[in-house]
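Engineer: Build me a structure from this.
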Amino acid sequence: MAAAPILSYENLGIQQGGGWLLRNLDLHIGARDRLALIGRNGAGKTTLLKLIADTLESDEGTRTIVPGTHVVILEQNPDLAAFATLRDFAVHGADGPPDYAVEAIADQLGIDLGKDAASASGGERRRAAICRALASDPDVLLLDEPTNHLDLAAIDWLESWLDAYKGAFVVISHDRTFLTRLTRQTLWLDRGQLRRLEVGYGGFEAWTEKIYADEAKQADRLDARLKLEAHWLERGVTARRKRNQGRLARLYEMRAQRAAMMGPPGAAKLGIASDDVRTKAVITADKVSKSFGDRTVIRDFTLRIQRGDRIGIVGANGAGKTTLIKLLTGEIEPDSGTVVRAKTLEGIIIDQQRALLSGDKTVRDVIAEGGDWIEVRGVKKHIQGYLKEFLFDPAIVDTPIRILSGGEKSRLLLAREFARASNLLVLDEPTNDLDLETLDLLQEVIADYDGTVLIVSHDRDFLDRTVTVTLGLDGSGTVDIVAGGYADWEAKRRPQQSAKTKGRSKQAGSPAHAPSAQRPAKLSYKDQRDYDLLPGRVEEIEARIAEVETNLSNPDLYGNDPELFEKLTAQLTELQREKDAAEERWLELAEMVETLGN
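Structural biologist: Reported below is the predicted structural model:
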């Protein structure tokens, strides 16, 4: 028999904007539960967390808690305006944690609580909030994006603390690695419903795929129009996950190719394989060094970035990640060495600054400057169709920016910036405030981007899914270059963990699950032929899709020739089906190659 919960909510409901955001929800938290709270931006996750914490009053429902149970919430953006120092905030209140407990955690997190609160960085504010929450001796700990603004060392420490924690916690996070390692149950807030699964985040995607499949069967019995309007997002998410599996397989092949160009392990350079490679270089750094005062941040750094590279940059806060980005993009000059950039390089830098998103503007103002059409890298698209590509309900088009959640604002900024013509994309902590489905979308957009991508991130799973080369900074000035993602850099950085990487390819940086670059002879003739030819076939289909989309972007087409419009629309649907089938077939073959290669 299951143990009685220590905190429950029955028939929970709260209104927002004249309607019900949440209603008729039941929630039960056990004394040792480790719950992942999953849901799209705007679904009400943060609101639900505040209701559980009793810092927000519900409009309906009954909250029951075992007497003496101490509930503590780590808010995503705590208000520090009333506090002079971070310490004042961390120990504030009659029930605030004791100073010695706060200082002990601060010492382990490496944060000076004497820092002025007004000038503290996002990472320092986050660490102070963690000190306050963890030192409060909670029975139930509610965590809203706890890894935002933390570097890798701080994330590792927090994971270790939570792993040993004896109470219950509910966590909202976009960090898949964090969720998979720590959670044992999952709450899914989806379209006003709250579902619970007695499995951690590691089983979430398989669970949701089954639910979507069941709903799709039911939707097939509905009117076609209703089906289209009610299920476009869910079906789009399912299809996107399948496509991303194919993209991952291609990513592993790109990593293997990159590994073949590299010098000896640990050398901060990428070698040149041929003159053909040389013509593809977009940024070349040669023996670059940069110091600030007596501290050398970058030392003797050599790197050739090619067209199409996806470069991940990782390291502790203050290790020099921002300095390295600025050197590569030309914002600052090196003290010694040279950085040469292609003359045709046209970059876009997307960070977490939202100056473009004025609260007085509408979504239409931000995306299309008040119009109905937007040019997306040379292709004209209707604003509502483009919003759907970024997981927005098209009806949001005239919504004021101030109404949007933090995650929705980040997604809107991505939509705006990705539309601009460029061949270099710089992403500075792009995963902050994004939900998991938007991260799947961002992964897809990066994979399909024609140019070169530089990504600064602490999101380990995201890096493993997107980058071909990882630059790891340790703060001493040395920059390690590893073909592959975060896991590959971590394996190199921590040799003692090498036993856990058994089965990985011995090629530098090639992931354990990557298709082998060697084509085993055991494939049948047909399978081998498909394996060789399908990548080219996918490229052909993508070119045809782009051509059809260009024709459909003509705003006068439907009025002048509705029959042609319908024909092109049907053709586009068939091409997209062909592309999905080709990608799935190639992925199956890639898995066969991996199995035979082992």
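Engineer: So which residues of the stretch 401-550 of the chain form strands?
Structural biologist: Along the stretch 401-550 of the chain, counting by DSSP state E, counting those that start in this stretch, strands occupy 424-428, 452-456, 469-473, 479-483.
Engineer: Reformat these into a markdown table and put mean neighbour count, mean pLDDT and distance to R577 next to each item.
Structural biologist: All C-beta spots, glycine's among them, are computed from the backbone N, C-alpha and C. A markdown table is the format used below for the strands of the stretch 401-550 of the chain (neighbours: other CB atoms under 10 Å; pLDDT from 0 to 100; distance: least, CB to CB, whole Å):
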| stretch | mean neighbour count | mean pLDDT | distance to R577 |
| --- | --- | --- | --- |
| strand 424-428 | 22 | 89 | 29 |
| strand 452-456 | 23 | 93 | 28 |
| strand 469-473 | 24 | 92 | 34 |
| strand 479-483 | 24 | 90 | 34 |
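Engineer: Could you export those strands as a markdown table, including distance to I65?
Structural biologist: Below are those laid out as a markdown table (distance: least, CB to CB, whole Å):
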| stretch | distance to I65 |
| --- | --- |
| strand 424-428 | 41 |
| strand 452-456 | 41 |
| strand 469-473 | 45 |
| strand 479-483 | 48 |
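Engineer: Tell me which of those strands approaches F301 most closely.
Structural biologist: strand 479-483 (5.1 Å; CB to CB).
Engineer: quick one, helices of the stretch 451-598 of the chain?
Structural biologist: Ranges of helices in the stretch 451-598 of the chain, per DSSP state H, counting those that start in this stretch, are 460-466, 486-493, 525-552, 557-560, 562-597.
Engineer: Output these in JSON lines; the columns should cover mean pLDDT, mean neighbour count and distance to T147.
Structural biologist: Output for these, formatted as JSON lines (pLDDT from 0 to 100; neighbours: other CB atoms under 10 Å; distance: least, CB to CB, whole Å):
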{"stretch": "helix 460-466", "mean pLDDT": "90", "mean neighbour count": "23", "distance to T147": "10"}
{"stretch": "helix 486-493", "mean pLDDT": "83", "mean neighbour count": "22", "distance to T147": "13"}
{"stretch": "helix 525-552", "mean pLDDT": "79", "mean neighbour count": "14", "distance to T147": "35"}
{"stretch": "helix 557-560", "mean pLDDT": "74", "mean neighbour count": "11", "distance to T147": "47"}
{"stretch": "helix 562-597", "mean pLDDT": "76", "mean neighbour count": "16", "distance to T147": "30"}
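Engineer: A415 against I383, yeah?
Structural biologist: No: contact status for A415 versus I383: not in contact, 9.9 Å apart, counting by CB atoms under 8 Å.
Engineer: so what sits against both of those two?
Structural biologist: Residues touching both A415 and I383 (CB atoms under 8 Å, 6 or more residues apart in numbering) are I367.
Engineer: Same drill for those two, tell me which one is more crowded.
Structural biologist: Taking other CB atoms under 10 Å, A415 and I383 do not tie; A415 has more neighbours (23 against 19).
Engineer: which stretches of the stretch 251-400 of the chain form strands?
Structural biologist: Here the stretch 251-400 of the chain has its strands, by DSSP E, counting those that start in this stretch, at 281-292, 295-306, 310-315, 336-341, 347-350, 373-376, 379-382.
Engineer: Mean neighbour count, those strands: which tops it?
Structural biologist: Stretch with highest mean neighbour count among the strands of the stretch 251-400 of the chain: strand 310-315 (a mean of 25; mean count of other CB atoms under 10 Å).
Engineer: For that one, which helices and strands make contact with it?
Structural biologist: Strand 310-315 sits against helix 321-329, strand 452-456, helix 460-466, strand 469-473, helix 486-493, with contacts defined as 3 or more CB pairs under 8 Å, 6 or more residues apart in numbering; DSSP states H and E.
Engineer: Distance check, N148 against R184.
Structural biologist: Between N148 and R184 the distance, using CB to CB, to the nearest Å, works out to 23 Å.
Engineer: what about the two, which has more around it?
Structural biologist: Just comparing N148 and R184: by other CB under 10 Å the higher neighbour count belongs to N148, 21 against 14.
Engineer: Double-check that that one belongs to a helix.
Structural biologist: No: read with DSSP: H, G, I helix; E, B strand; the rest coil, N148 is coil and lies in no helix.
Engineer: follow-up on the earlier one: reformat the helices and strands packed on strand 310-315 as CSV; add distance to R176.
Structural biologist: Below are those laid out as CSV (distance: least, CB to CB, whole Å):
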stretch, distance to R176
helix 321-329, 21
strand 452-456, 16
helix 460-466, 4
strand 469-473, 17
helix 486-493, 12
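Engineer: what number of residues lie near the closest residue in space to E331 that isn't next to it in sequence?
Structural biologist: In space, and not counting its chain neighbours, E331 is closest to I325: 7.8 Å by CB to CB, 6 or more residues apart in numbering. Applying other CB under 10 Å, we find 21 residues neighbouring I325.
Engineer: thought I325 was touching S457?
Structural biologist: No: with contact defined as CB under 8 Å, I325 does not count as touching S457 (11.7 Å).
Engineer: Overlap of the contact sets of the two?
Structural biologist: Contact with both I325 and S457 is made by residues I313, according to CB under 8 Å, 6+ apart.
Engineer: Angles on the backbone of V140, please.
Structural biologist: phi -130, psi 120 (degrees, to the nearest 10).
Engineer: For it, which residues are in contact?
Structural biologist: 6-7, 29, 52, 69-72, 167-170.
Engineer: quick one: which of the residues you listed sit in strands?
Structural biologist: 7, 29, 71-72, 168-170 (DSSP state E).
Engineer: So which of those wins on neighbours?
Structural biologist: V170 (27 neighbours).
Engineer: Not counting its neighbours along the chain, what's nearest it?
Structural biologist: Nearest to V170 is L35, by CB to CB, 6+ apart, at 4.4 Å.
Engineer: can you list the domains in the chain?
Structural biologist: Here the domain assignment for the chain is 7-211, 252-346+422-501, 518-598, based on automatic domain parsing.
Engineer: Show me how far the second one is from its chain's centre.
Structural biologist: Relative to its parent chain, domain 252-346+422-501 has a centroid offset of 17 Å by CA atoms, centre = their mean, to the nearest Å.
Engineer: in this structure, which helix or strand is least confident?
Structural biologist: Sorted by mean pLDDT, DSSP states H and E, the helices and strands of the chain end with helix 275-279, the least confident at a mean of 39.
Engineer: Skip ahead from the strand or helix carrying V102 and say which helix or strand is next.
Structural biologist: Assigned by DSSP states H and E, V102 falls within helix 99-109. Where DSSP H and E defines the elements, the next helix or strand beyond helix 99-109 is helix 122-134.
Engineer: now the helix or strand just after that following helix, how far from the chain's geometric center?
Structural biologist: Where DSSP H and E defines the elements, the next helix or strand beyond helix 122-134 is strand 140-144. Distance, stretch centre to chain centre, for strand 140-144: 21 Å (CA atoms, centre = their mean).
Engineer: buried set for strand 140-144?
Structural biologist: Neighbour-count burial for strand 140-144 flags 140-144 (criterion: 16 or more other CB atoms under 10 Å).
Engineer: could those residues be laid out in a markdown table, adding pLDDT?
Structural biologist: A markdown table is the format used below for those (pLDDT from 0 to 100):
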| residue | pLDDT |
| --- | --- |
| V140 | 97 |
| L141 | 97 |
| L142 | 97 |
| L143 | 97 |
| D144 | 94 |
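Engineer: Using PDB, write down the CA coordinates of stretch 366-381.
Structural biologist: What follows is stretch 366-381, C-alpha atoms only, in PDB (Å, rounded to 0.1, in the frame of the first residue of the first chain):
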ATOM      1  CA  VAL A 366       8.000  42.000 -33.300                       C
ATOM      2  CA  ILE A 367       7.800  39.300 -36.000                       C
ATOM      3  CA  ALA A 368       6.500  41.200 -39.000                       C
ATOM      4  CA  GLU A 369       6.700  44.900 -38.100                       C
ATOM      5  CA  GLY A 370       2.900  45.000 -37.900                       C
ATOM      6  CA  GLY A 371       2.300  43.200 -41.200                       C
ATOM      7  CA  ASP A 372       1.000  39.800 -42.300                       C
ATOM      8  CA  TRP A 373       4.100  38.500 -44.100                       C
ATOM      9  CA  ILE A 374       7.700  37.900 -43.100                       C
ATOM     10  CA  GLU A 375      10.700  37.100 -45.200                       C
ATOM     11  CA  VAL A 376      12.500  34.100 -43.700                       C
ATOM     12  CA  ARG A 377      16.000  33.900 -45.100                       C
ATOM     13  CA  GLY A 378      14.800  34.900 -48.600                       C
ATOM     14  CA  VAL A 379      11.500  33.000 -48.500                       C
ATOM     15  CA  LYS A 380       8.200  34.900 -47.900                       C
ATOM     16  CA  LYS A 381       6.000  33.300 -45.300                       C
END
